[in-house]
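**Q** Pasting the sequence and the predicted coordinates here, then a few questions.
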Amino acid sequence: MNGNLKGALKAAGVVAIFLALTIPLTRFLADPRLEDREPEPIPAAWVPVVDELKVFVEAERGLKFKEEVSMVFQSEEEFLEEIEGTSEDYYQPDAADSYIALKALNLVDRGLDLGTMEDPLQGGGLVGYYDSIYDELVVQGTEPTPFVRMILVHELTHALQDQHFDLDSVPADTEEAYTAFASLVEGDATRIENAYFASMSPEDQASIVGDGETEGEGVSPFAGTEDRSLQTLSMLSGFPYEVGSLFVEDILSQGGQTQVDRAFKSPPTTTEQVLHTERFLDREDAVKVTSPQAEAEIIEEGIWGERGLLTMLLQTIDREQALAAGEGWAGDYYVAWKRGGTDCVRMSFATDTSRDKAELFEALKAWSFTHPTAAVTNGKTVLVRACA
Ligand SMILES: [Zn+2]
């Protein structure tokens with residue numbers, strides 16, 4: 001069963017799985033501030049609003065706040081000024097040395113330059129975030145509009161998670177593990193946010209939808225894009241919110257809040273577990289796969305994951321075939337290198353059964369017809385080599 005992703009695809013309608021190139025996880029990677037700041041009192045006008053939202057979050061999440069949440073309310077100017085440095089650091093990497101594997105696979109254009117894109121934070125209507133390093137919720141807003149209230153619900157959920165499970169204490173040392181953990185954290189917050197949206201009056205809901213801002217703490221500047229690079233980045237970055245919230249709902253329906261809390265203490269480690277809740281509950285870990293051969297100095301390497309595999313397949317081949325092939329994923333390893341002006345990748349995929357292997361091979365073979373240099377071979381594992 002590919003339950004969680006099928007749900008996400010249904011919810012989103014088309015391949016454009018929801019789209020939010022948001023701040024990774026719940027905090028900035030490169031925080032613009034070096035030191036903690038003195039907590040400020042919540043402005044009087046906000047006190048009843050925050051109190052009401054906290055009651056909602058506590059009831060919906062089934063946990064109580066252990067202490068006050070430190071909140072900072074900023075004007076648009078203050079807010080943008082503070083995130084500007086971070087945003088530049090994070091979203092404008094040296095274009096030539098980023099996304100080597102994605103470029104080799106033709107999933108993003110080689111000319112992609114995030115530096116020339118509209119700033120995803122500023123252009124995307126980011127209005128708040130929770131910083132788990134400084135335990136601080138930062139809100140841009142002078143008015144508690146329905147949209148700002150909904151974002152507060154999401155960020156307050158992160159504060160509640162952090163008070164109970166210390167979001168910084170989880171060792172997620174690979175991108176795959178980090179994405180799996182983020183899917184739990186963001187999925188949980190997105191679920192509560194969705195519940196809040198559902199509880200709002202039709203007028204308030206209409207005002208949120210009317211702003212073009214339906215959900216997520218970072219509303220995507222890419223929604224509805226035809227651009228392949230942006231579609232890819234949207235699928236990858238939207239995963240923790242979209243598939244993550246279905247994952248959390250699934251856990252909740254099977255084991256209640258206790259099971260969700262247990263997941264925070266022992267989070268999912270692969271995107272496979274997020275896509276297939278039963279594999280998380282069974283603790284089916286990824287099979288260790290030997291690194292395939294690189295042909296020059298390795299620039300990127302790691303686990304590609306079922307999320308990455310589906311991102312390749314869903315954009316190119318029949319959806320049912322893509323989902324079925326992804327389902328057989330058991331583990332992988334990839335390496336990427338640059339040589340002579342091209343970006344190259346080699347990936348090695350292990351599958352659960354030999355039937356799964358045949359399925360994955362066929363699916364990747366079909367994918368390779370859309371890529372001029374891709375070669376797929378079926379050996380002990382399924383191997384992919386591609387350059388662009
Ligand atoms: Zn979040």
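**A** Arrived safely, thanks for sending. Numbering: from 1, shown residues only.
**Q** And the pLDDT at residue 229?
**A** With respect to pLDDT, residue 229 has a value of 83.
**Q** Going along the chain, name the strands of the stretch 151-300 of the chain.
**A** Along the stretch 151-300 of the chain, the stretches classed as strands by DSSP state E, counting those that start in this stretch are 298-302.
**Q** which residues of it score low on pLDDT?
**A** Residues of the stretch 151-300 of the chain that meet the criterion pLDDT under 70 lie in 210-226.
**Q** Distance of the most far-flung residue of the chain relative to its centre relative to residue 209?
**A** The centre of the chain is farthest from one residue, residue 44, which by Cα atoms, centre = their mean lies 34.7 Å away. According to Cβ to Cβ, to the nearest Å, residue 44 and residue 209 sit 30 Å apart. Glycine gets a C-beta too; all of them are placed from N, C-alpha and C.
**Q** now swap in residue 154 and tell me
**A** Taking Cβ to Cβ, one finds residue 154 at 16 Å from residue 209.
**Q** The two: which is more packed in?
**A** Counted by other Cβ atoms under 10 Å, residue 154 and residue 209 do not tie: residue 154 has more neighbours, with 26 against 14.
**Q** and the closest residue to the more buried one other than its chain neighbours, what is it in contact with?
**A** Residue nearest to residue 154 in three dimensions, not counting chain neighbours: residue 193, with 4.1 Å by Cβ to Cβ, 6 or more residues apart in numbering. Residue 193 is in contact with 150, 151, 153, 154, 157, 215, counting by Cβ atoms under 8 Å, 6 or more residues apart in numbering.
**Q** picking that back up, what's near enough to touch the residue farthest from the centre of the chain?
**A** Taking Cβ under 8 Å, 6+ apart as the contact definition, residue 44 lies against nothing.
**Q** And the pLDDT for it?
**A** Note on residue 44: pLDDT of 88.
**Q** and it, how far is that from the ion?
**A** Distance of residue 44 to the ion, given as Cβ to the ion, to the nearest Å: 27 Å.
**Q** how far away is that residue from residue 72?
**A** For residue 44 relative to residue 72 (Cβ to Cβ), the value is 15 Å.
**Q** What of residue 360?
**A** Taking Cβ to Cβ, one finds residue 360 at 48 Å from residue 72.
**Q** Between these two, which has more neighbouring residues?
**A** Set side by side, residue 360 and residue 72 show more neighbours around residue 360, with 28 against 19, by other Cβ under 10 Å.
**Q** Give the buried residues for whatever helix or strand that one lives in.
**A** Assessed by DSSP states H and E, residue 360 sits inside helix 354-368. Of the residues in helix 354-368, 356, 357, 359, 360, 361, 362, 363, 364, 365, 366, 367, 368 count as buried by neighbour count, 16 or more other Cβ atoms under 10 Å.
**Q** Distance from the chain centre to the next helix or strand after that helix, please.
**A** Per DSSP H and E, the first helix or strand lying C-terminal to helix 354-368 is strand 375-378. With Cα atoms, centre = their mean, to the nearest Å as the basis, strand 375-378 stands 29 Å off its chain's centre.
**Q** Tell me which other helices or strands strand 375-378 touches.
**A** In terms of contacts (3 or more Cβ pairs under 8 Å, 6 or more residues apart in numbering; DSSP states H and E), strand 375-378 is packed against helix 354-368, strand 382-387.
**Q** need those in CSV with mean pLDDT, can you?
**A** Below are the helices and strands packed on strand 375-378 laid out as CSV (pLDDT from 0 to 100):
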stretch, mean pLDDT
helix 354-368, 97
strand 382-387, 98
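**Q** Redo those as JSON lines? Include distance to residue 344.
**A** Below are those laid out as JSON lines (distance: least, Cβ to Cβ, whole Å):
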{"stretch": "helix 354-368", "distance to residue 344": "14"}
{"stretch": "strand 382-387", "distance to residue 344": "4"}
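**Q** Pipe the ones you listed into TSV and attach distance to the ion per row.
**A** Shown next, in TSV, are the helices and strands packed on strand 375-378 (distance: least, Cβ to the ion, whole Å):
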stretch	distance to the ion
helix 354-368	32
strand 382-387	33
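**Q** which one of those lies closest to residue 228?
**A** helix 354-368 (14.0 Å; Cβ to Cβ).
**Q** ok and that closest one relative to strand 382-387, angle-wise?
**A** Here the directions of helix 354-368 and strand 382-387 differ by 20 degrees (axes from the mean of the first three to the mean of the last three Cα atoms, to 10 degrees).
**Q** Much appreciated, bye for now.
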